[in-house]
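Q: Quick one, what's the 3D model for this:
(one chain, ligands or ions: 4)
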Amino acid sequence: MAGKVDLHMHTIHSDGTLTTRELMERARKAGLTTISITDHDNTTAIREALDLSEEMGLGVVPGVELSASVGEYDVHLLGYFFDYTHPPLLDYLSFHRQERVKRAERIVEKLNGLNIPLRIEAVMEQAGNGAVGRPHIANALLEEGLADSYQEVFLKYIGFGKPAYEKKYQVTPREAIELIAEAGGVSFIAHPGNALDEETLNELIREGVDGIEVIHPSHSPERVAHYKGIADEYFLLTSGGSDFHGGRKNDGDLLGKYTISEEELDVIRRRL
Ligand code: AMP
Ligand code: ZN
Ligand code: FE
Ligand code: FE
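A: Ligands and ions are numbered 1, 2, ... in the order given. Predicted coordinates for the structure are as follows:
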């Protein structure tokens, strides 16, 4: 059986809209056989998903999405198969979640400076106990009637280079890659087609990533072939997933469409 594996999705523990159970129910209905929940800076869903694995009839791979900085750019790295109880990893994640709150406060201050009266409380209400991010800010603005569309908020205010944009706490890709490796996992460059130039991609490869996320909704068939070629050239692993956030951003039908096979997942396992 080929199986269908999706190694990229988010829950309410970061900027997704579904609980772990809800997400797994959707995943099963979409015909997936194995998933990895890759919340931003948060591993809370891993334990929950492993506990539900048997009941749901779904394989679960521990996963996380970390951010790192290359020059001006915010690049995303996906970690898999690491020890999610590794204390330095947990310390790192909790530090970065706190820094995300500070960044959300800075963004709100900038928005206030632009005469948009958003309150940080409205943002934190959106985030709940999860890692706060810009999607929560966009949704808080919509909820408070301060913006007309989710996309417009990024285009006008909080997208890269826009007036209320704020960087995250800066870490180098090497720091993030080494942390995942120390926790016994492998790391992948997430969605390189999403505004990552060749030079940055090469730098991440030099810094020691294990693989490239080749399959992603933002990648055209040409991009998929391109990244597959680069992975082959540098003996890197390949992965893929839907980056499903629960349907808030018109991503409601992504599950089951961006997958790799169980055999391809075994190739990743063998690298461990
Ligand atoms: P953050 O982790 O706070 O930087 O937020 C990153 C998330 O915001 C990404 O995972 C996307 O879901 C979303 N995002 C980033 N840029 C855009 C954009 N231009 N339009 C819509 N969503 C975006
Ligand atoms: Zn996200
Ligand atoms: Fe990402
Ligand atoms: Fe993601």
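Q: Please make it C-alpha for all contacts and neighbour counts, starting now.
A: Fine.
Q: Can you pull the phi and psi angles for the closest residue to ligand 1 within the chain?
A: Nearest residue of the chain to ligand 1 (Cα to the nearest ligand atom) works out as residue 133 at 3.2 Å. Backbone dihedrals for residue 133, given as degrees, to the nearest 10, come out at phi -150, psi 180.
Q: and it, how many residues sit next to it?
A: Residue 133 has 21 neighbours, counted by other Cα atoms under 10 Å.
Q: Return the distance of stretch 243-255 from the chain's centre.
A: 13 Å (Cα atoms, centre = their mean, to the nearest Å).
Q: right, I mislabeled it, should have said stretch 176-183
A: Per Cα atoms, centre = their mean, the centroid offset for stretch 176-183 relative to its chain is 16 Å.
Q: Now it: average pLDDT?
A: Summarised as a single mean, pLDDT over stretch 176-183 is 98.
Q: ok, and for that stretch, which residues are buried?
A: Neighbour-count burial for stretch 176-183 flags 176, 177, 178, 179, 180, 181, 183 (criterion: 16 or more other Cα atoms under 10 Å).
Q: got those as CSV, with secondary structure columns?
A: Output for these, formatted as CSV (DSSP: H, G, I helix; E, B strand; the rest coil):
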residue, secondary structure
176, helix
177, helix
178, helix
179, helix
180, helix
181, helix
183, coil
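Q: And those, which is closest to residue 189?
A: Residue 189 lies nearest to residue 177 out of those, by Cα to Cα, at 9.9 Å.
Q: Double-check that closest one against residue 209; I have them as touching.
A: Yes. Counting by Cα atoms under 8 Å, residue 177 touches residue 209, with 6.4 Å between them.
Q: give me the low-pLDDT residue ranges for the stretch 151-272 of the chain?
A: Where the stretch 151-272 of the chain drops to pLDDT under 70, the residues are 249-250.
Q: Which residue ranges of it form helices?
A: 173-182, 198-206, 221-233, 262-271 (DSSP state H, counting those that start in this stretch).
Q: Pick the most buried one from those helices.
A: helix 173-182 (a mean of 20; mean count of other Cα atoms under 10 Å).
Q: Remind me what that helix packs against, helices and strands.
A: Using 3 or more Cα pairs under 8 Å, 6 or more residues apart in numbering; DSSP states H and E, the elements in contact with helix 173-182 are strand 63-70, strand 73-80, helix 87-113, strand 186-189.
Q: contacts for it?
A: When contacts are defined by Cα atoms under 8 Å, 6 or more residues apart in numbering, helix 173-182 is touched by residues 66-70, 77, 79-80, 82, 88-89, 186-187, 204, 207-209.
Q: Which among the residues you listed count as buried?
A: Listed as buried from those are 66-70, 77, 79-80, 82, 89, 186-187, 204, 208-209; burial here means 16+ other Cα under 10 Å.
Q: thinking again about what came up before, contacting residues around the residue of the chain closest to ligand 1?
A: By Cα under 8 Å, 6+ apart, the residues touching residue 133 are 14, 15, 100, 104, 127.
Q: most neighbours, which of the residues you listed?
A: The most crowded member of the contacts of residue 133, judged by other Cα under 10 Å, is residue 14 (28 neighbours).
Q: my guess is that one meets residue 37, correct?
A: No. Using Cα under 8 Å, residue 14 is not in contact with residue 37, being 10.4 Å away.
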